[in-house]
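Peer 1: need a structure here:
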Amino acid sequence: MVRYSLWLLLAVALPASAAHYLPPPDFIRTPPAARAQPADFTCPAAPAPFRGELVFRSKYEGSDVARATLNKEALAAYRQATRNITATQKRVTALAARYGKAGDKRVADCLVSTLYAWAVQDALTSTTTSHTGKAVRKWALASFSSAWLQLQFAPGLPLNGNPQATEVERWLSALATLTVSDWADLPREKINNHSYWAASALMTTAVVTGREDLFNRAVAILRTALSQVDENGFLPNELKRKSRALAYHDYALQPLVTLVRFAKANQVRITPEENRAFARLVARVRSGKADPAAFREKTGSEQEPFTPSPRPSP
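Peer 2: Okay, here's the model as predicted:
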């Protein structure tokens, strides 16, 4: 209880845009009180902002309805086209982690300047998109907002007084608005891992910006996802992936864990039925990793071996 009171006091001290919602208390990496003198640090130039159309090839291009057959040529093209986006995601995530370890303000300023360089160019805001392009936008937003939270709620408040912070938060809010539009009004049979990742991006951005509409949209998608879990812990729309059903159950679970944690941190009531559905899904994924027989039986397909990844290409 004391721990949470401290977090509430911290929220009051933050800019108004951040005070409306809170991340889970253990989401923020806290630098140790006593730390060694930081090593020399130089912030390299940010990767060039991506301002083009968000139209990319999918690594499953040419596959059947299960979208389980890898197209290596399309994957190579996708990686080449999105290299600056991926590099920026990795960079801000690494900078946020480094700041959490040492609390070096130079690292925080580097993270801010990296995102500022993209914000002033309105990167990733094209409305000309493919399905893969929409996926890339929400993955990027999830990375950027999660990294930003590490600074926004960090002890010492490294964003205070930084004139670039307001522009970054404006841009993150704009990306969130586009992400809402990208994944809105889907029929239930089309709501799958992509919607869950979009909701995770919206949730973290809601905490960054204080936007109630983003928070409520994220919670609504979470409730839809939990209502999709069947009595045996399967997600029917991920079973459609046939030989990759286990991999995509694991992939779908990751943003749902984030959503549940953030919802509970902000006193959203998860009903007993929803908690049971979540527990069934977690148990099904865990057991599937140990023995994929249930997924093989359910889909009629041998399951592809996979290495869990936070944001595999679409």
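
Peer 1: and the helix or strand containing residue 249, how far out from the chain middle?
Peer 2: Element membership for residue 249 (DSSP states H and E) is helix 245-265. In terms of CA atoms, centre = their mean, to the nearest Å, the centre of helix 245-265 is found 10 Å from the chain centre.

Peer 1: other SSEs contacting that helix?
Peer 2: helix 193-209, helix 212-228, helix 236-239, helix 272-290, helix 293-299 (3 or more CB pairs under 8 Å, 6 or more residues apart in numbering; DSSP states H and E). Just so you know, the C-beta spots here come from the backbone N, C-alpha and C atoms, and that holds for glycine as well.

Peer 1: and those, which is most packed in?
Peer 2: Mean neighbours per residue, mean count of other CB atoms under 10 Å, is largest over the helices and strands packed on helix 245-265 for helix 193-209, with a mean of 27.

Peer 1: using CSV, write out every CA atom in that one.
Peer 2: Provided in CSV are the C-alpha atoms of helix 193-209 (Å, rounded to 0.1, in the frame of the first residue of the first chain):
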residue,chain,number,x,y,z
ASN,A,193,-3.2,-10.8,-32.2
HIS,A,194,-2.9,-7.7,-34.3
SER,A,195,-5.8,-6.1,-32.5
TYR,A,196,-4.3,-7.1,-29.2
TRP,A,197,-0.9,-5.6,-30.0
ALA,A,198,-2.7,-2.4,-31.2
ALA,A,199,-4.5,-2.3,-27.8
SER,A,200,-1.2,-2.7,-26.0
ALA,A,201,0.2,0.3,-27.9
LEU,A,202,-2.9,2.3,-27.2
MET,A,203,-2.7,1.4,-23.5
THR,A,204,0.9,2.6,-23.0
THR,A,205,0.1,5.7,-25.1
ALA,A,206,-2.9,6.4,-22.9
VAL,A,207,-0.6,6.5,-19.9
VAL,A,208,1.9,8.7,-21.8
THR,A,209,-0.8,11.2,-22.9
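
Peer 1: quick check: mean pLDDT of that helix?
Peer 2: The average pLDDT within helix 193-209 is 98.

Peer 1: packing partners for it?
Peer 2: helix 131-152, helix 165-182, helix 212-228, helix 245-265.

Peer 1: with adjacent residues omitted, what lies nearest to residue 111?
Peer 2: Spatial nearest neighbour of residue 111, excluding adjacent residues (CB to CB, 6 or more residues apart in numbering): residue 95 at 4.1 Å.

Peer 1: dump the helices and strands packed on helix 245-265 to TSV, plus distance to residue 167.
Peer 2: Formatted as TSV, the entries for those read as follows, by distance: least, CB to CB, whole Å:
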stretch	distance to residue 167
helix 193-209	13
helix 212-228	19
helix 236-239	38
helix 272-290	37
helix 293-299	46
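
Peer 1: the stretch 1-150 of the chain: strands as residue ranges?
Peer 2: Taking DSSP state E, counting those that start in this stretch as the criterion, the stretch 1-150 of the chain carries no strands.

Peer 1: helices of that one, start to end?
Peer 2: 2-13, 72-81, 83-102, 105-119, 131-152 (DSSP state H, counting those that start in this stretch).

Peer 1: deepest of the ones you listed, which one?
Peer 2: Mean neighbour counts for the helices of the stretch 1-150 of the chain (mean count of other CB under 10 Å) peak at helix 131-152, with a mean of 24.

Peer 1: thought residue 230 was touching residue 236?
Peer 2: Yes: because the distance of 6.4 Å satisfies CB atoms under 8 Å, residue 230 is recorded as touching residue 236.

Peer 1: perfect, I'm done here.
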